[in-house]
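Undergrad: Provided below for reference: sequence and predicted model.
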Number of protein chains: 2
Amino acid sequence: MVLTERRATILGLVVREYVQTAEPVSSKALVDRRGLDVSSATVRNEMARLEDEGYITHPHTSAGRIPSDLGYRTYVQSLMAEEPVGVDEQRTITHQLHQVAGALDEWLSLTATILAGAVGNVAVVTRPRTVTAGRLRHLQLVELNPDTALLVAVMDDGRLRQRLVPLRMPATQAQLQDRAARLNARLAAMDGAGARALAAEMADTDEASIVRETAELIEEHRGAEETYLDGLSRALRQPEFADPDRMLDAVARLQAYRLRSLLEGAADAQPGETRVVIGNELAADEMQDWSVVIARYGDSDAAGTVAVVGPTRMAYERTIPRVRYIASLMGQLLRDMR
Amino acid sequence: MVLTERRATILGLVVREYVQTAEPVSSKALVDRRGLDVSSATVRNEMARLEDEGYITHPHTSAGRIPSDLGYRTYVQSLMAEEPVGVDEQRTITHQLHQVAGALDEWLSLTATILAGAVGNVAVVTRPRTVTAGRLRHLQLVELNPDTALLVAVMDDGRLRQRLVPLRMPATQAQLQDRAARLNARLAAMDGAGARALAAEMADTDEASIVRETAELIEEHRGAEETYLDGLSRALRQPEFADPDRMLDAVARLQAYRLRSLLEGAADAQPGETRVVIGNELAADEMQDWSVVIARYGDSDAAGTVAVVGPTRMAYERTIPRVRYIASLMGQLLRDMR
DNA sequence: TGTTAGCACTCTCGGGGAGAGAGTGCTAAC
DNA sequence: GTTAGCACTCTCTCCCCGAGAGTGCTAACA
């Protein structure tokens, strides 16, 4: 059964009104506040049909309607008009972003803060990862004391990893420098397995153990995903968290490391594409009240994720374009960096 | 007016009982559950005196007593018997800690998690900083593409900082290497001001701009404090946060960057010393319901902070020795690293 | 003089209406 | 197909009341 035009209008109004007020929407409220030119009785009839078809529900008999997940989905898919990011807002955002150009991690964390502020929900940003994700670009050895050196690895996604390595033979900085240069020649662009293989075929010297440590660093790096999150305390002010149990639940759930499963859903998305996952569409059973708006940024060389996480009652028409905008900005900045 | 022995006993019992139950403590409860061998009427008399002297208070006429900040202070100072960290607990902790030896940042974040788990409150750990805090140990240049290099600075506290530098003259990795070696000779152990002065007296070349960027990195690094925090969602389960407003307030307040003022109070503490700051002793007016147990770890070369933050109703006898134990472990590990 | 039993008093907390209000679904008329 | 009217349902809030917990005071006792 396809939605008649009027029912679609009413559904749209129900969603907008509910998103704004967080109260079940009555037929009368729609007529009075949204200027429908039919009577509330007609609206009630239509609402009953919408409920039959699964777009809205009833918390109890004498309450207004709230959108179901299907209702939100339909709204996002075909009823909503996106609210574009205004010129002023664009200017503010780019201005804030350019404050810290140069240091990727500060820049990512700032992006999460800006996005969270723009949409009033929790924002998550992941550091861009290269497709190969885990090849060495360069390594360096720094003398700390006669029998310890600091091994610094620059990975192909521009991230650094460090580790202390004990030296059996004391070495000066100049000697370490030479050694690093030699190893760079052999290890450049290698992945963990390659480095491991190389270490295996070397004699048991300090150099072999450095190669072994490097292999470990590379593999460690492959698995590590760095996420930046902000906006929690503001998101918790929303009425869905008025109950302390729910609030506690949200806090526990939004620990960065638990978000991964939420973000995985968009791993295959193309940069430029923005996905919306609503309520029961989320794989995680215990997150049925949540929605995620998610986009990938970057290009075929290196890509990361930007997302907004919040209750299903979310201002999708604001959130979606803002996630998209931030993602495109980040893609641009990432290109500029190279 | 000095506390009589019996009043001291009663105060101690009130604190212990209240910490355990989170309910105001009645005279009857003390006699029944804590085995005092006087009548509840006598206890009531003593409680009235304790209240006159400011050690305990009354939420309302017909409720039991709860400790005041002075009551907790007295308890911590002279009534409490510390609950030592058991052998099993020690083993568990050291075992967990040794899982990640080698990578300082993972190790710090794990420490926060372990401590939070051990005391059931929020734990905060800061990365050790050197006293000079902001001298360069070593710099390195890595070629990214013909006109950009990655500047990697190893700071004297072992932390890395990176920045992209544009090159006017394209350079190969080998050339960059030479350049880095030359600059290292001139910049070694310099602070930000020194590097800045050096840049000023150099001709306007790529090298000068690298030195300038390095100066900025050093100064940036000086100001940066890295804090690791864990245990929030567990701490929020305590009854003091049953009210959603209070919970929200706590979440907003415990954002890592707001904790600095709390931790500053112990900046002058010696490693080995554990400080307790209770309620109104905290400088921050809006944190009067909170207590902080704090210790410094490290030595005269490099030191950081370990702290537990929670409601004034805190199991001090458990928390204090655990903070101290973790701090001493960290000091040890830090020594081993060098 | 310190301790204790007894008792009146105070305050909170939870449950149980009761009434107001909001909103629906249905019916009948237009 | 639309609408007015109306009975009905359900929640929400307020208020009241009784139970219970705990105190402070007084007077008796050791």
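TA: Done, it's in. Numbering: from 1, shown residues only, chains lettered A, B, ... in the order given.

Undergrad: got the contact list for A:D206?
TA: Listed by CB atoms under 8 Å, 6 or more residues apart in numbering or on different chains, the contact partners of A:D206 are A:L167, A:R168, A:M169, A:A171, A:R179. Backbone N, C-alpha and C define where each C-beta goes, glycine included.

Undergrad: Among these, which one lies nearest to B:D285?
TA: A:L167 (52.9 Å; CB to CB).

Undergrad: The one residue in the stretch 1-150 of chain A that gets nearest to DNA strand D - how many residues pack around it?
TA: At 3.1 Å from DNA strand D, A:S62 is the closest residue in the stretch 1-150 of chain A, using CB to the nearest atom of the strand. Neighbour count of A:S62, defined by other CB atoms under 10 Å in any protein chain shown: 8.

Undergrad: before we move on, what about the one 3 residues further on?
TA: If you count neighbours by other CB under 10 Å, A:R65 ends up with 27.

Undergrad: could you measure it against A:A269, distance?
TA: 32 Å (CB to CB, to the nearest Å).

Undergrad: that older thread, closest one to B:V19 out of the contacts of A:D206, please.
TA: Proximity of the contacts of A:D206 to B:V19 (CB to CB) peaks at A:L167, which lies at 50.8 Å.

Undergrad: Excluding chain neighbours, what is closest to the closest one?
TA: Nearest non-adjacent residue to A:L167, counting by CB to CB, 6 or more residues apart in numbering or on different chains: A:D147, 5.0 Å away.

Undergrad: Tell me the confidence at the one you found?
TA: Note for A:D147: predicted pLDDT of 84.

Undergrad: does the residue of the stretch 51-200 of chain A found nearest DNA strand C belong to a helix or a strand, and which?
TA: For the stretch 51-200 of chain A and DNA strand C, the shortest gap (CB to the nearest atom of the strand) falls at A:S62, measuring 3.5 Å. Here A:S62 is covered by no helix or strand, with elements defined by DSSP states H and E.

Undergrad: Mind naming the longest helix for chain A?
TA: helix A:316-337 (DSSP state H).

Undergrad: Now do the buried residues in that one.
TA: By neighbour count on 16 or more other CB atoms under 10 Å in any protein chain shown, the buried set for helix A:316-337 is A:316-331, A:333-334, A:337.

Undergrad: before we move on, what about stretch A:276-289?
TA: For stretch A:276-289, the neighbour count (16+ other CB under 10 Å) marks A:V276, A:V277, A:I278, A:G279, A:E281, A:L282, A:M287, A:D289 as buried.

Undergrad: do the same with stretch A:220-239
TA: A:220-222, A:225-236, A:238.

Undergrad: Quote the end-to-end distance of that stretch.
TA: End-to-end distance for stretch A:220-239, by CA to CA, to the nearest Å: 41 Å.

Undergrad: Give me the distance from that stretch to the chain's centre.
TA: Relative to its parent chain, stretch A:220-239 has a centroid offset of 8 Å by CA atoms, centre = their mean, to the nearest Å.

Undergrad: wait, does that stretch make contact with chain B?
TA: Yes: Stretch A:220-239 is in contact with chain B by CB under 8 Å from any CB of the partner chain, via A:E220, A:L232, A:S233, A:L236, A:R237.

Undergrad: what's next to stretch A:263-283, contact-wise?
TA: A:69, A:72-73, A:76, A:124, A:126, A:227, A:261-262, A:288-299, A:303, A:305, A:307, A:312, A:316, A:320, A:323-324, A:327-328, A:331.

Undergrad: if you set the cut-off to 7 Å instead, what comes out?
TA: Applying CB atoms under 7 Å, 6 or more residues apart in numbering or on different chains, the external contacts of stretch A:263-283 come out as A:69, A:72-73, A:76, A:124, A:126, A:261-262, A:288-299, A:303, A:305, A:307, A:312, A:316, A:320, A:323-324, A:331.
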